[in-house]
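> coordinates only, sequence not included:
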RNA sequence: CGAGAAGUAGCACAGCUUGGUAGUGCACCACGCUUGGGACGUGGGGGUCGCAGGUUCGAAUCCUGUCUUCUCGACCA
């Protein structure tokens, strides 16, 4: 094989961080700008995001959520209403201080999240139990002034979705919190092929102002965790702070209960870091903007039968509902193959005169790079099947790898030993923040989440008291 | 925000030590030839050397500051 010159990708196992950055650039997902942490999402990156938005948005709507658009600015006094919330966000808020040349009487924060805006609005529109529940969502960008930034994983301007709901009872709000957590979990498993772990955050790690925070934790190829979505139960904290009340059936004034839940473009980072390989991006078929890239062998000319057939097949696949592109550049096939792999198209369809003679095409799976000969007449039948297989195989490979990096430590010594390995370590935890802090200081691990469906069955490895929860610890992005 | 590294054409880099008219490969454009894993030939276009100051007759090169990117920490719904 000729030497790959300027599309070289750092080897994944040599330097995972560099590899990630090189994929993001080589696959043309983003470009940098002159402002730190503000990235341009290029067509391929944005098309992936659009697919994520389309699927999630329709899921939300099926459950009765309605989209709204809130302002981008929050007056300081409004942000300050809920104490824990403002303390949690103050360090990473960007402020607008001037309008034109004039200093503003009150500075405005660029929303880092919109709880306060929703609450201000809810106070106006909620009067009766008949107004509840309110199930609003918005797709927007938010700003958090992060000190260290990385494309998709941690940027200053973030594309996301934030759902904010109000309910008459605490139970209803808690059900909603868990219902949306499940939506995220299913989406990430079924569409993004990410074997995620769900559970509750500890007191220390929960959202500023929430009663309970539930999280979707994905494990990347290198064993690091990526928090890939959260769902919060607020109880009536915010509602009380904002004076939101409704008249219930029993003619009594009550405070409603609230949730919020969000996920971001960080999920694209998770796709890259879970599925990508030394050749480039590998996109799960269900979220890939273009499922099939057709590469005609030979000259791109009306005289080349392979090219003419390629155009026919493109139409045929489009009619069958399969998104497809045809590479009509005059590069050599090898160049096109490599380029198609960098960009992660799930299936590459090669067609040359040799194939035509036998009435077949060559299909190449991106995930395994396996070549498959397929009869031309069967492609609209075989390609959807192959896409499903790729999707399933990608999930199963990721699951297997993740499971191979899940450990359990039953003593301080075991924890000390396992903390050196990439992956998550499960322990029995006494529930005390001090032990959580110690694990962080001594081993560099942060709590990921409390495992919901597993009971503690031993001692906390730090203080040796009875465990209250099973909990995962790990390093994070 | 701390420590380290880097910024020269779209990309990867050389040139800097020892100051003297901006280079290479790939990519791009035209034509030709080719096409089953990153071809080839000929011709061509593209850079105020990240930005701002300073030293100097003269700065990509030396000095100061600053911005951005990367790595490792700290911080981080």
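Thanks, I have it. All figures in this text were calculated on a predicted structure; none of them were measured in a lab.
> Verify the contact between residue A:135 and residue A:66 for me.
Yes: using Cβ atoms under 8 Å, residue A:135 is in contact with residue A:66, at 6.5 Å. Where you see a C-beta, it was placed from the backbone N, CA and C, and this is true even at glycine.
> Compare those two (neighbour count), which wins?
Neighbours were counted for residue A:135 and for residue A:66 using other Cβ atoms under 10 Å; residue A:135 has more, 19 against 11.
> what sits opposite that one in the beta ladder?
residue A:165 (DSSP bridges).
> how far away is it from residue A:368?
Residue A:135 is 42 Å from residue A:368, where distance means Cβ to Cβ, to the nearest Å.
> Next, the buried residues of the host helix or strand of residue A:394.
Using DSSP states H and E, residue A:394 falls within helix A:379-403. For helix A:379-403, burial by neighbour count (16 or more other Cβ atoms under 10 Å) applies to A:379, A:382-384, A:386-387, A:390-391, A:394-395, A:397-398, A:401-402.
> which residues does residue A:262 bridge with?
Counting by DSSP bridges, the residues bridging with residue A:262 are residue A:162, residue A:230.
> Could you find the closest non-adjacent residue to the most centrally placed residue in chain A?
Nearest to the geometric centre of chain A sits residue A:267, at 2.0 Å (Cα atoms, centre = their mean). Distances taken as Cβ to Cβ, 6 or more residues apart in numbering place residue A:228 nearest to residue A:267, at 5.8 Å, with adjacent residues excluded.
> Following the chain onward from the host helix or strand of that neighbour, which element is next?
Using DSSP H and E, residue A:228 maps to strand A:225-235. Following strand A:225-235 in sequence order, the next helix or strand is helix A:237-242 (DSSP H and E).
> hmm, back to that, residues contacting the helix holding residue A:394, please?
A:189, A:193-195, A:219, A:221, A:274-275, A:282, A:284-286, A:291-292, A:313, A:316-317, A:320, A:322, A:346-347, A:349, A:361, A:363, A:365-368, A:372, A:374 (Cβ atoms under 8 Å, 6 or more residues apart in numbering).
> so of these, which ones are in strands?
Among the contacts of helix A:379-403, DSSP state E puts A:219, A:292, A:347, A:349, A:361, A:363, A:365, A:372, A:374 in strands.
> Any idea how many residues pack against the last one?
I take that to be residue A:374. Residue A:374 has 17 nearby residues by other Cβ under 10 Å.
> the helices in the stretch 101-250 of chain A, which residues?
A:115-125, A:170-190, A:237-242 (DSSP state H, counting those that start in this stretch).
> Ok, which of the ones you listed comes nearest residue A:424?
With Cβ to Cβ as the criterion, residue A:424 lies closest to helix A:170-190 of these, at 16.5 Å.
> What is that closest one packed up against?
helix A:43-62, strand A:157-167, strand A:212-219, strand A:225-235, strand A:257-264 (3 or more Cβ pairs under 8 Å, 6 or more residues apart in numbering; DSSP states H and E).
> count of residues packed around residue A:36?
Count around residue A:36 with other Cβ under 10 Å applied: 13.
> shouldn't it be in contact with residue A:154?
No: distance between residue A:36 and residue A:154: 11.4 Å, which falls outside the contact criterion (Cβ under 8 Å).
> Residue A:94 is in contact with residue A:145, isn't it?
Yes: with contact defined as Cβ under 8 Å, residue A:94 reaches residue A:145; the gap is 5.2 Å.
> Find residues that contact each of those two.
Contacts common to residue A:94 and residue A:145, judged by Cβ under 8 Å, 6+ apart, are residue A:156.
> State the pLDDT value of residue A:16.
For residue A:16, the pLDDT comes out at 88.
> Just say which of the helices and strands packed on helix A:170-190 is most tucked in.
Scoring those by mean neighbour count under mean count of other Cβ atoms under 10 Å gives strand A:257-264 as the most buried, with a mean of 26.
> Can you give the domain ranges for chain A?
A:41-275, A:292-386, A:407-474 (automatic domain parsing).
> Same list (those) but as a markdown table, adding distance to residue A:19 and mean pLDDT.
Putting the domains of chain A into a markdown table (distance: least, Cβ to Cβ, whole Å; pLDDT from 0 to 100) gives the following:
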| stretch | distance to residue A:19 | mean pLDDT |
| --- | --- | --- |
| domain A:41-275 | 9 | 95 |
| domain A:292-386 | 13 | 95 |
| domain A:407-474 | 15 | 93 |
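> Distance to residue A:12 for these - can I get that in a markdown table?
Listed next are the domains of chain A as a markdown table, based on distance: least, Cβ to Cβ, whole Å:
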| stretch | distance to residue A:12 |
| --- | --- |
| domain A:41-275 | 7 |
| domain A:292-386 | 13 |
| domain A:407-474 | 13 |
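> measure residue A:221 to RNA strand B for me?
13 Å (Cβ to the nearest atom of the strand, to the nearest Å).
> which ones are touching that residue?
If a contact means Cβ under 8 Å, 6+ apart, then residue A:221 has A:12, A:16, A:273-274, A:276, A:401 as its contacts.
> can you check residue A:376 too?
Neighbour list for residue A:376: A:309, A:313, A:355, A:359-361 [criterion: Cβ under 8 Å, 6+ apart].
> Can you tell me which of these has the most neighbours?
The most crowded member of those, judged by other Cβ under 10 Å, is residue A:361 (25 neighbours).
> Endpoint to endpoint, stretch A:78-95 covers what distance?
Chord length of stretch A:78-95, first to last residue, is 13 Å (Cα to Cα, to the nearest Å).
> Pull out the buried residues from that stretch.
Buried residues in stretch A:78-95, counted by 16+ other Cβ under 10 Å: A:78-82, A:85-86, A:88-89, A:93.
> so residue A:137 makes contact with residue A:164?
Yes: if you go by Cβ under 8 Å, residue A:137 and residue A:164 touch, sitting 7.4 Å apart.
> Nearest residue to residue A:83 in space, please, no chain neighbours.
Spatial nearest neighbour of residue A:83, chain neighbours left out: residue A:241 (7.7 Å); criterion: Cβ to Cβ, 6+ apart.
> how about the one residue in the stretch 351-477 of chain A that gets nearest to RNA strand B, what does it touch?
Closest residue of the stretch 351-477 of chain A to RNA strand B, Cβ to the nearest atom of the strand: residue A:352 (2.5 Å). Going by Cβ under 8 Å, 6+ apart, residue A:352 touches A:296-298, A:306.
> so which of those are also by RNA strand B?
Counting by Cβ under 7 Å from any atom of the strand, A:297-298, A:306 from those sit close to RNA strand B.
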